[in-house]
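**Student:** Everything below, folded, please.
(chains A and B)
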Number of protein chains: 2
Amino acid sequence: MLGAVTTRDEAAELDAADPLAPWRERFVTPDGLVYLDGNSLGMAPRAAIERLAAVASTEWAEGLIRSWDHWLDLPSRVGDRLAPIIGAPPGSVVVHDSTTVNLYQLVHAALALAAERGRPAGIAVSGADFPTDRYVVAGIARATGAAVRADLADLDGVGVVVRSLVDYRTAELADLARETARARAAGAVVVWDLSHAAGAIEVDAEAAGVELAVGCTYKFLHGGPGAPAWSYVAAELADRLDQPLWGWFAQRVQFAMAERYDPYPDVRRLLLGTPGILALAAADVGVGHVADAGMAAIAAKGRALTDLALALCAELGLQSPTPTDAARRGAHVAIRVDHADAVHAELIRRGVVTDVRRPDLIRIGCAALTTRFVDVYDGLRAVAEVARR
Amino acid sequence: MLGAVTTRDEAAELDAADPLAPWRERFVTPDGLVYLDGNSLGMAPRAAIERLAAVASTEWAEGLIRSWDHWLDLPSRVGDRLAPIIGAPPGSVVVHDSTTVNLYQLVHAALALAAERGRPAGIAVSGADFPTDRYVVAGIARATGAAVRADLADLDGVGVVVRSLVDYRTAELADLARETARARAAGAVVVWDLSHAAGAIEVDAEAAGVELAVGCTYKFLHGGPGAPAWSYVAAELADRLDQPLWGWFAQRVQFAMAERYDPYPDVRRLLLGTPGILALAAADVGVGHVADAGMAAIAAKGRALTDLALALCAELGLQSPTPTDAARRGAHVAIRVDHADAVHAELIRRGVVTDVRRPDLIRIGCAALTTRFVDVYDGLRAVAEVARR
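**Tutor:** Predicted coordinates:
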C-alpha cells in the first residue's frame, strides 16, 4: 500500500514517473473525461481504428474473397499474440465467438474429461459468479442432468468447477495454481473464466497447471465493443477435446467439404462458424498493445493504481470490499455506496465514467495502459462528493 | 430464359435498362475486376466502411461504455431491418453469432418441439448439404443419441429436418412452403438454412409457415467478412423456445444479474454473449441496402442474370447442373469443369473472381446490387476460354 496521497500533485508525480505513461498516447482519450470503466470496455487504440478502416476499405472492399487467404488463420494468429498475456504456449489459444459460447464448449469438454477420470457429472459454480458463467452452467445442467452446486469449498460429487479468477464485483483474486491443484487432487476439472484477469494481472496458465480457460478481449485487452472471446486448452488435452458444438472451421481439411467431421488435433477443434474478421482485426491491435507493453509492467501499475484508489477510499471515508493486499486482487476497486444507480448517473454527468453493479457497488477500473493516477485521484474524489450528497 | 445474347453490347444494353444499376455506385467496385463471388462474400457498401469508421472513432473511442445505451438492442434492430427480406414480421428475427451456433440452438429447439409433438428424435439432413449444417447435426446427434438420416424423401422416424433452401453447389431451390407443409404433416419440424437464399430470392417465411430458420449476412446481404448470422422464430413458438445454450443477453432483466435464468418471451431468448458491435454496425448497412432496394426487384434481376449465364453456358458449350427454370434456382450458377482448382486460379489471374467447389464446380454468383450483365458476359467467356485450355 502506498502512503496516503492527499494531493493531486502527488498523483501527477506518480504519472510523471510511470514507465507506461507513453502508452496512453496510442489510445483515443476524450477531452475532459475521467474514464474508469476499462474493466467493462477498454479504450480504443488509435491503431485499431486505422486497422479497421484498412481491413474494410482494402482487404474486404478491394481484396474481396481473395483476402480469405490471409484471414483463414486469424483466430490462431490473434490467439498466439494473446497466449503470452496468460502464460500460455503458442498454439494453445484461439480467439473466436463469445465467452458464453466458448464456455459452453469447454464445460462440455470438461464433463467429458471428468467422466473419463471416473468423476461424477456435478458442476460447481459460485452463486456470486458473473451471470454468463452461471447461466451457461444452468443450461448445460438442465440439458444433461448434471447437478449444480454453488459451494466451491467442498468438491465431493463435483466433476467440473467453473470459476472466475477475479471476482467481477469485489476484484478478489482466487489462487489459480492452488485452486487448480485442489480440484485436480479431488479429480475435478476447472474451467477458468479469465475475463476480468487477462490483461489486468499476471497469469501463468501453463505453470499453474490450468487445463481449460476462456476470457473476453473487450475489457483490459482493448479489443472493442463485443470483441471476440478466446479459448485456452492445455497441450496434453487439445487433441482429444470432446464437445457437442461442431463447426466447419474446426475441420482439418476444411474445403474438402467431407462428409465426416474430423477436427484439428489441437485447440482449433473449438472453432465454429466463419470468424468475424472485422472484430478480430480490431482485437488483434488491442491484444498486441498489451502483449508489447508486457504483463509485468501492466500488473505492477495495476497494483499501484488500485493501491491509490484504496488509500483514497480510506482517506475519504468510502467503504470498499476489495482486498487491501494487492496480491489478492485484480485491477479494479469496488466501492459500496447508497443509491448506486443515482451516484453512477451523477458521476457520468460530471464526466467521470465508472460502472455500477447493483445493488450497492460502484466499480473503478484501472487499465494500466490508459488510466492515469490523476484519473483515480479525480474519480475517487468525485465518488466521495457525489456519494455524500 | 432470355434469347441467346451473343455480343457484349447486348449485355451492356441490359445494364442500361436495369433499374437496379444505380445501386452499384453505392459499393466499392475494384477497377477492372469481374467479381462473380457475391454468393460467398458480398461486395462492400461504401456506407458500411463509413459506418464502421464512425462506430470505431466516435461510438467506441469517444462514447466508450456510454454507447451501450444504443448498442444493447442492435441485434433486434438489425433483425427488424432484415425481417422483410425473408418475409418475416417485425420482432421475429435477431442478428447474432454465426450460422453454426444459431443452427445448433434451433436444432435443439426443434428437437424439443418435436418431442412435444410426440415425434421421435431422428434428424434428417441431406448428405449434399453444406458442411456447417451436417456437422452441427452430427455433433448434436452424437451428444443426444438422435438418429441421423441423409434421406429427406421419407420422414418416417424423423422429428427434425435441417435443410438449405438453395443448394450451395447447384443453386437448386427447394419448395419452401411445400416442404414445410410436408414435414408438418408428418409431425416434423424444419430448421431452414436460408444462407444462400436471403437477399438472393424472394422468401416469404411467414406465408410459407416456416417455424425456424437461420442464415448468414455475408453473402447476398453484403454484411462483411464473417458478419453475424441471424435467427428467425415464428411468433407462436418464440415464447417457449427451449434450447441448452443460455446467454446473459437473453436475460429479460439483464442487469439485475439475477440468480435464475429467465429469458425474454420472444426471439431474443436466443441471444448469447455480448454482441459484436463493429460487425453488427457494418451488417446493418448491407442488410439495409438490400431491404431498401426491395426483394422483388433484386430477385427479378437475379433471375435475369442467371438466365444470361445459363444462355451463355449453352452457347459456349459449358455444362451446368443449375436448373434452367428460373423459378427453381437461387442467384448463382454452377459450371462443371475439369481441373476446377486450376481453372479457378487462372480466372483469378485474369481478374475474374468466381469460386470453386471441389471436385468439379465453378460457381458464378449473381448479386443483383453489384453484378452487371457485362460481368456475367465477360466472366462466362473467360470461364469457357480457360476451361477449354
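**Student:** Need the nearest residue in space to the residue of the stretch 201-350 of chain A found nearest chain B, chain neighbours excluded.
**Tutor:** Closest residue of the stretch 201-350 of chain A to chain B, C-beta to the nearest C-beta: residue A:273 (2.9 Å). In this view, the C-beta of every residue, glycine as well, is placed from N, C-alpha and C. Computed as C-beta to C-beta, 6 or more residues apart in numbering or on different chains, the closest residue to residue A:273 that is not its neighbour in sequence is residue B:98, at 2.9 Å.
**Student:** Number of residues surrounding that neighbour?
**Tutor:** 26 (other C-beta atoms under 10 Å in any protein chain shown).
**Student:** repeat for residue A:369
**Tutor:** Close neighbours of residue A:369, defined as other C-beta under 10 Å, add up to 26.
**Student:** ok, it touching residue A:293?
**Tutor:** Yes. Counting by C-beta atoms under 8 Å, residue A:369 does reach residue A:293; the two are 5.9 Å apart.
**Student:** got any residues that touch both of those two?
**Tutor:** With contacts taken as C-beta atoms under 8 Å, 6 or more residues apart in numbering or on different chains, residue A:369 and residue A:293 have A:20, A:23 as neighbours in common.
**Student:** nearest residue to residue A:288 other than its sequence neighbours?
**Tutor:** Going by C-beta to C-beta, 6+ apart, residue A:288 has residue A:81 as its nearest residue, at 5.5 Å.
**Student:** Equivalent analysis for residue A:148, please.
**Tutor:** Nearest non-adjacent residue to residue A:148, counting by C-beta to C-beta, 6+ apart: residue A:141, 4.6 Å away.
**Student:** Just the residues contacting the host helix or strand of that neighbour, thanks.
**Tutor:** Assigned by DSSP states H and E, residue A:141 belongs to helix A:131-144. Residues outside helix A:131-144 that contact it (C-beta under 8 Å, 6+ apart): A:99-100, A:103-104, A:107-108, A:111, A:121, A:123, A:125, A:127, A:146-148, A:162-164, A:193, B:108, B:244-248, B:251, B:254, B:257-259, B:261, B:273.
**Student:** Kindly recompute the last result at 6 Å.
**Tutor:** A:99-100, A:103-104, A:107, A:123, A:125, A:148, A:162, A:193, B:244, B:246, B:248, B:257, B:261 (C-beta atoms under 6 Å, 6 or more residues apart in numbering or on different chains).
**Student:** Flag the least confident of those.
**Tutor:** Lowest in pLDDT among those is residue B:257, which has 79.
**Student:** Neighbours of that residue, how many?
**Tutor:** 18.
**Student:** So for it, what's the nearest residue that isn't a sequence neighbour?
**Tutor:** Using C-beta to C-beta, 6+ apart, the nearest residue to residue B:257 is residue A:131, at 5.1 Å.
**Student:** what number of residues lie near that neighbour?
**Tutor:** By other C-beta under 10 Å, neighbour count at residue A:131 equals 22.
**Student:** Name the SS class of residue A:161, please.
**Tutor:** Three-state call for residue A:161 (DSSP: H, G, I helix; E, B strand; the rest coil): strand.
**Student:** And it, how close does it get to residue A:148?
**Tutor:** Per C-beta to C-beta, to the nearest Å, residue A:161 is found 11 Å from residue A:148.
**Student:** which is the next helix or strand following the helix or strand encompassing residue A:107?
**Tutor:** Per DSSP H and E: residue A:107 is located in helix A:99-116. Proceeding N to C from helix A:99-116, the next assigned helix or strand is strand A:122-125, under DSSP H and E.
**Student:** what lines up beside that following strand in the sheet?
**Tutor:** Strands that pair with strand A:122-125, judged by DSSP bridges, come out as strand A:148-149 (parallel), strand A:158-164 (parallel).
**Student:** ok, and what's touching it?
**Tutor:** A:133-134, A:137, A:146-149, A:152, A:157-162.
**Student:** The same query, at a cut-off of 10 Å, please.
**Tutor:** Applying C-beta atoms under 10 Å, 6 or more residues apart in numbering or on different chains, the contact partners of strand A:122-125 are A:107, A:110-111, A:114, A:133-138, A:140-141, A:144, A:146-164, A:183, A:188, A:190-191, A:193.
**Student:** Can you say which of these are buried?
**Tutor:** Those of these that meet the buried threshold are A:107, A:110-111, A:114, A:133-138, A:140-141, A:144, A:146, A:148-149, A:152, A:155, A:158-164, A:183, A:188, A:190-191, A:193, by 16 or more other C-beta atoms under 10 Å in any protein chain shown.
**Student:** Following element in sequence after the strand or helix carrying residue A:75, please.
**Tutor:** Assessed by DSSP H and E, residue A:75 sits inside helix A:74-82. Going down the chain from helix A:74-82, the next helix or strand is strand A:93-96, by DSSP H and E.
**Student:** Can you list phi and psi of residue A:244 for me?
**Tutor:** Phi and psi for residue A:244, reported as degrees, to the nearest 10, are phi -90, psi 0.
**Student:** tell me the residue furthest from the middle of chain A?
**Tutor:** residue A:259 (36.7 Å; C-alpha atoms, centre = their mean).
**Student:** Is it correct that the residue nearest to residue A:273 is in contact with residue B:223?
**Tutor:** No. Taking contacts as C-beta atoms under 10 Å, residue B:98 lies outside contact range of residue B:223: 11.8 Å.
**Student:** what touches both of those two?
**Tutor:** B:216, B:229.
**Student:** for the helix holding residue A:75, packing partners?
**Tutor:** Helix A:74-82 sits against helix A:68-71, strand A:93-96, strand A:229-233, helix A:277-293, with contacts defined as 3 or more C-beta pairs under 10 Å, 6 or more residues apart in numbering or on different chains; DSSP states H and E.
**Student:** how about the first one as CSV, C-alpha atoms only?
**Tutor:** Presented in CSV, the C-alpha positions along helix A:68-71 are these (Å, rounded to 0.1, in the frame of the first residue of the first chain):
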residue,chain,number,x,y,z
TRP,A,68,-9.6,-15.2,-47.1
ASP,A,69,-6.1,-16.5,-47.9
HIS,A,70,-4.8,-14.4,-45.0
TRP,A,71,-7.9,-14.3,-43.0
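**Student:** May I see the buried residues of that helix?
**Tutor:** Of all the residues in helix A:68-71, those buried under the rule 16+ other C-beta under 10 Å are A:68, A:71.
**Student:** so what secondary structure elements neighbour that helix?
**Tutor:** Helix A:68-71 packs on helix A:74-82, helix A:277-293, going by 3+ C-beta pairs under 10 Å, 6+ apart.
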